[in-house]
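# How does the following fold in three dimensions:
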Amino acid sequence: MKPKKTRAVNSHAERKPRIGDERLRPDGSLIRYVREEGEDGYPVEHYRTVDTLALMLRHGSITPAMHDAGQHFAQDFARAFASGVASPRLDGLPAGTARVEHMVERNAGAARAVKQALDAVGGISSPAGTALWFVAGVGMSIIDLARRMSCNRHEAKGYLVAALSIAAKFYGYGR
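Numbering: from 1, shown residues only. As a prediction, this is how the structure comes out:
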């Protein structure tokens, strides 16, 4: 005979989120529960990372050139800091030292590109550099950036817009 579930056990079970519910992940990025059509044509409900730059572009807060600059920075950031080369398992590295050296050099080149872009917007310690790092690089939301910078969301958004404007010129996007 199965034991009955007690009220305490049921209260700890995670409730299904509602469409549109948002959660903050430990890395500071925002996820939203959405319903989309799956590959088989049936609706699928799941969490999706909120793309702050895409939302800003859609709402007209930034230009396509600024969005592209943010994406460029995000790609360099990902290559530099989320490459997977630093693996807890040494046997997970590719065979041959030449290939590993090439991967390390490519990651170092991406890290240099990130530093150059940050220097162009005023450095990592500047408000614009901080905004670019955390929103375009880490994937943090504007609201979480505002909390991190101890300012309101309008100021945080302004810092990001300024950073993206300068980054667009730095990367050569737009006119």
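
# how about low-confidence regions in this protein?
Within the chain, the stretches with pLDDT under 70 are 1-13, 27-30, 82-104, 175.

# in it, which spans are helices?
7-12, 52-58, 64-81, 97-120, 127-131, 142-149, 153-171 (DSSP state H).

# Let me have these in a markdown table, extended by distance to Glu36.
Every residue, glycine included, has its C-beta placed from N, CA and C. Below are those laid out as a markdown table (distance: least, C-beta to C-beta, whole Å):
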| stretch | distance to Glu36 |
| --- | --- |
| helix 7-12 | 29 |
| helix 52-58 | 15 |
| helix 64-81 | 22 |
| helix 97-120 | 31 |
| helix 127-131 | 29 |
| helix 142-149 | 24 |
| helix 153-171 | 27 |
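
# between the ones you listed, which gets nearest to Glu39?
helix 52-58 (21.6 Å; C-beta to C-beta).

# Run through who's touching stretch 123-140.
The contact list for stretch 123-140 (C-beta atoms under 8 Å, 6 or more residues apart in numbering) reads 27-30, 49, 52-53, 70-71, 73-74, 77, 81, 114, 117-118, 121-122, 141-142, 144-145, 148-149, 156, 159-160, 162-164, 166-167.

# if we can go back for a sec, most tightly packed of the helices of the chain?
helix 127-131 (a mean of 22; mean count of other C-beta atoms under 10 Å).

# pull the CA atoms of that one into CSV?
Written as CSV, here are the backbone C-alpha positions of helix 127-131 (Å, rounded to 0.1, in the frame of the first residue of the first chain):
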residue,chain,number,x,y,z
PRO,A,127,28.9,53.2,-16.4
ALA,A,128,28.7,52.5,-20.1
GLY,A,129,31.4,49.7,-19.9
THR,A,130,29.6,48.1,-17.0
ALA,A,131,26.3,48.2,-18.9
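
# Tell me how this protein divides into domains.
Domains of the chain are assigned by automatic domain parsing as 13-49, 52-171.

# okay, which residue is most central for the chain?
For the chain, Gly139 is the residue whose C-alpha lies nearest the centre (C-alpha atoms, centre = their mean; 1.9 Å).

# and it, how far is that from Gly123?
Between Gly139 and Gly123 the distance is 21 Å, computed by C-beta to C-beta, to the nearest Å.

# Could you check what's spatially nearest to Ile62, not counting adjacent residues?
Distances taken as C-beta to C-beta, 6 or more residues apart in numbering place Met56 nearest to Ile62, at 4.6 Å, with adjacent residues excluded.
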